[in-house]
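**Q** just the structure for this:
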Amino acid sequence: MRLPPRPDLQWKQDGTPVDPRVDDVYYSVEDGLAETRAVFLTGCGLPEVWLSRSNTIIAELGFGTGLNFLATWQLWQQTRPKGAWLNFVSFEGYPLDGEDIERALKPWPELAPLAEKLCARWPSRAKGVRQIIWPEDGIILTLHIGLIEQTLPQARFEADAWFLARGSLAAPGSAIPPGRPRGDLHGRRRGATWPRQCRFHRREKARTWPQARAA
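**A** Model (predicted):
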């Protein structure tokens, strides 16, 4: 079995998870959810990006605790166009266990129902592509598990927006160098090395909408 490495996870006294491998916290010690909403959701023009679309793809480097995904899911529930689908594509080299994700998300009770849904379906530890579908919300989580220099070139999709986090999978060949500021804004690709098949686009519908399959 191809098992991805576990993160060297440590917990600060305030309950914030830390990864000393890249010398970074998983989210802001002040208010990670507020940071996610300001930097990633508002910064990427959400929810306006998906309001006139039937299919939307958001891509992310570094799934981490899943906070960005849950904040996006919550906003999607509130503003989803009728019958529309959202595919959240995330690349993660050092996935957390479901128990750690559950613990890391406890500071935000408003996300508890979605966190429970995520943890209940969290896949077993293995490299590869896993998809989890919640048809009642029209949302798909596509996880690419493995080092980014291996998984990103193999991916086939065109994203409507990217969430880029500082130090995501900081390893030789990474698309994002360690220490870069959190969150490129919608439509910007400063310094990233993008495979053509994973490029940003502004069309109404992605050409390569992935075939949905349950994890």
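
**Q** output the contacting helices and strands for the longest helix along the chain.
**A** The residue-count maximum for a helix in the chain (DSSP state H) belongs to helix 67-79. Taking 3 or more C-beta pairs under 8 Å, 6 or more residues apart in numbering; DSSP states H and E as contact, the helices and strands that helix 67-79 lies on are helix 32-35, helix 48-51, strand 55-61, strand 85-92, helix 112-121, strand 139-145. C-betas here are computed from N, CA, C, even on glycine.

**Q** where does the prediction get shaky in the protein?
**A** By pLDDT under 70, the weakly predicted segments of the chain are 1, 20-26, 28-30, 165-215.

**Q** can you do 50?
**A** The chain contains residues with pLDDT under 50 at 1, 166-215.

**Q** may I ask you to confirm that residue 75 is in contact with residue 44?
**A** No - counting by C-beta atoms under 8 Å, residue 75 does not reach residue 44; the two are 10.8 Å apart.

**Q** when the two are compared, which one has more neighbours?
**A** It is residue 44, of residue 75 and residue 44, that has more neighbours when counted by other C-beta atoms under 10 Å, with 23 against 17.

**Q** quick check: that one touching residue 161?
**A** Yes - taking contacts as C-beta under 8 Å, residue 44 lies within contact range of residue 161: 4.1 Å.

**Q** picking that back up, so which bits of the longest helix of the chain are buried?
**A** Judged by neighbour count (16 or more other C-beta atoms under 10 Å), helix 67-79 contains these buried residues: 67-76.

**Q** out of the residues you listed, which one sits closest to residue 34?
**A** Taking C-beta to C-beta as the measure, residue 34 lies nearest residue 71 of those, at 9.6 Å.

**Q** return the distance of the closest one relative to residue 54.
**A** 22 Å (C-beta to C-beta, to the nearest Å).

**Q** and for residue 65?
**A** Counting by C-beta to C-beta, the gap from residue 65 to residue 54 is 30 Å.

**Q** neighbour count winner among these two?
**A** Ranked by neighbour count (other C-beta under 10 Å), residue 65 and residue 54 place residue 65 first, with 20 against 14.

**Q** how many residues are close by the spatially closest residue to that one that is not a sequence neighbour?
**A** Setting aside the residues directly before and after it, residue 65 is nearest to residue 104 in space (C-beta to C-beta, 6 or more residues apart in numbering), at 4.0 Å. When neighbours are counted by other C-beta under 10 Å, residue 104 registers 23.

**Q** again, but for residue 57
**A** Using other C-beta under 10 Å, residue 57 is surrounded by 25 other residues.
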